[in-house]
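Q: coords please:
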Amino acid sequence: MTRMVSGGDLTPEQRRVHRVEHILRRDGGSPGSALEGLAAIVEDETWRKVPSGPSRPEPFTSFRRFVEANPPFGLGYSIKQLRALLQLQHPGEGATEIRERMEAMRAEVARLIAEDVIPAQNVGRPEATSNVHATNINRSDSSEYVVARLKRDDPDLAERVVNGEITANAAARQKGWRKPRVVLTSPESIATALRRHLGPDDIAALIRLLLNEP
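A: Here you go, the predicted model:
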């Protein structure tokens, strides 16, 4: 349930959002404080308890819109910025309890973002103008691009991605939309990757080609 406070006062939920937003914007802000604040917002669903705008007492129904909304209603952050924050490590993640909390928060944020993605509109490969929650997704390597396409073409598999049972990349490979990639680093890592994707006959043929054997 959301509460609307008259005048310039903020609800307790808005004050929490405001504190996290301040940490996110503060120069030199600790990633630990920002991650803890975000975890608290996700854990008790604070984002569902704040009004979604100055004259809109109804709560947010979209996590993305909450993240992008201006304070004190949202975080005033882009999804790109949020993803970058989630790549940072909490200074205390060496401790099991903190690590597990951060992992749970990252998984839930990823689920909420994927949940917001709407199905691609066109049959086949989405066009550059396919809308996914008011943003244009035109990169085939984008996880949101994959989720949008799955929601249209394979809803069951899309649901597994949203629930974190399988990654968007694994789902795209399962559908044949992406080919396995081998990163050329060391001979050992290349061999390991090739063994995962090629059978013995293909590996033998590759060896002959590399040695220029007839």
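Q: pretty sure residue 110 is touching residue 164, no?
A: Yes. Using C-beta atoms under 8 Å, residue 110 is in contact with residue 164, at 6.9 Å. For every residue, glycine as well, the C-beta is placed using N, CA and C.
Q: okay, those two: which has more neighbours?
A: Using other C-beta atoms under 10 Å, the more surrounded residue of residue 110 and residue 164 is residue 110, with 18 against 12.
Q: mind listing the helices for this protein?
A: Using DSSP state H, the helices of the chain run over 12-25, 31-43, 63-68, 79-87, 96-116, 143-153, 155-162, 168-174, 187-197, 200-210.
Q: want to throw these into a markdown table with mean pLDDT?
A: A markdown table is the format used below for the helices of the chain (pLDDT from 0 to 100):
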| stretch | mean pLDDT |
| --- | --- |
| helix 12-25 | 88 |
| helix 31-43 | 93 |
| helix 63-68 | 94 |
| helix 79-87 | 91 |
| helix 96-116 | 93 |
| helix 143-153 | 90 |
| helix 155-162 | 91 |
| helix 168-174 | 88 |
| helix 187-197 | 86 |
| helix 200-210 | 90 |
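Q: I'd like those helices written out as TSV, with distance to residue 54 added.
A: Shown next, in TSV, are the helices of the chain (distance: least, C-beta to C-beta, whole Å):
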stretch	distance to residue 54
helix 12-25	12
helix 31-43	20
helix 63-68	15
helix 79-87	23
helix 96-116	22
helix 143-153	29
helix 155-162	31
helix 168-174	36
helix 187-197	53
helix 200-210	62
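Q: out of these, which comes closest to residue 52?
A: In terms of C-beta to C-beta, the element of the helices of the chain nearest to residue 52 is helix 63-68, at 7.1 Å.
Q: what's the residue lying closest to residue 62 once chain neighbours are set aside in contact with, if anything?
A: Spatial nearest neighbour of residue 62, chain neighbours left out: residue 116 (5.3 Å); criterion: C-beta to C-beta, 6 or more residues apart in numbering. Listed by C-beta atoms under 8 Å, 6 or more residues apart in numbering, the contact set of residue 116 reads 62, 63, 64, 65, 133.
Q: Can you give me the neighbour number for the first one?
A: Think residue 62. Residue 62: 17 neighbours (other C-beta under 10 Å).
Q: what's it sitting at in phi/psi?
A: The phi/psi pair for residue 62 (degrees, to the nearest 10) reads phi -130, psi 120.
Q: Pull up the gap between it and residue 119, please.
A: Separation of residue 62 from residue 119 (C-beta to C-beta, to the nearest Å): 15 Å.
Q: Distance-wise, check the closest residue to residue 195 other than its chain neighbours relative to residue 50.
A: Distances taken as C-beta to C-beta, 6+ apart place residue 203 nearest to residue 195, at 7.1 Å, with adjacent residues excluded. According to C-beta to C-beta, residue 203 stands 57 Å off from residue 50.
Q: okay, these two: which has more neighbours?
A: Ranked by neighbour count (other C-beta under 10 Å), residue 203 and residue 50 place residue 50 first, with 28 against 14.
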